[in-house]
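Visitor: next comes the sequence, and after it the predicted model I'd like to discuss.
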Amino acid sequence: MTEALLQLLAITGMLVGSFAAMGVAFRLFSGQLQMDLRARRTVRRRARGLDPPPEPVHRPVEQVAADLRRLAAQLDRVPAGSPAVRRRGFQAAYDDVLTEAAGQLAVPHGLATLPPGPARDVERLRLETALAGAGLVLR
């Protein structure tokens, strides 16, 4: 009885060991093992203060506001006889930065989903008002 139990334990140990070895081999050949080791090393270095914290993923709100003011001024100064594509370019750039500001200040909007036209113009004005209500002075 004890001999059969020892054989069963030995077989179970071999199976568990071989599955563990296959898992390590898979992680090694797929690159996951190196990624895991690199991530652990990064966490340890940051905990000790050796690595600087990661950079923020978005621009500062002050820079976004400055870009909005600059683009609004350029949009207001487009001469009457200039090509329409110039005005549309400034308008598209202004809308992109306006959307970025709304995302940073968590102001809901539908500007990106509307086609050019009166509905988009109304949404742009509504978004400018909402951003001003959130504390972002545009003009």
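Guide: On my side now, so go ahead.

Visitor: name the element the nearest residue to Leu114 once chain neighbours are set aside belongs to?
Guide: Distances taken as C-beta to C-beta, 6 or more residues apart in numbering place Arg120 nearest to Leu114, at 4.2 Å, with adjacent residues excluded. Heads up, the C-betas are built off the backbone N, CA and C, glycines and all. Using DSSP states H and E, Arg120 maps to helix 118-133.

Visitor: what helices or strands is that helix leaning on?
Guide: On a contact count with 3 or more C-beta pairs under 8 Å, 6 or more residues apart in numbering; DSSP states H and E, helix 118-133 meets helix 84-104.

Visitor: return the helix it packs on as CSV; C-alpha atoms alone will do.
Guide: Provided in CSV are the C-alpha atoms of helix 84-104 (Å, rounded to 0.1, in the frame of the first residue of the first chain):
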residue,chain,number,x,y,z
ALA,A,84,-12.7,78.1,-47.6
VAL,A,85,-10.2,75.3,-46.9
ARG,A,86,-8.2,77.6,-44.7
ARG,A,87,-11.2,78.4,-42.5
ARG,A,88,-12.1,74.8,-42.3
GLY,A,89,-8.6,73.9,-41.3
PHE,A,90,-8.6,76.4,-38.5
GLN,A,91,-12.1,75.2,-37.5
ALA,A,92,-11.0,71.6,-37.4
ALA,A,93,-7.9,72.4,-35.3
TYR,A,94,-10.0,74.4,-32.9
ASP,A,95,-12.6,71.6,-32.6
ASP,A,96,-9.8,69.1,-31.9
VAL,A,97,-8.3,71.1,-29.1
LEU,A,98,-11.8,71.9,-27.8
THR,A,99,-12.5,68.2,-27.6
GLU,A,100,-9.2,67.7,-25.8
ALA,A,101,-10.1,70.3,-23.2
ALA,A,102,-13.5,68.8,-22.7
GLY,A,103,-11.9,65.4,-22.1
GLN,A,104,-9.5,66.8,-19.5
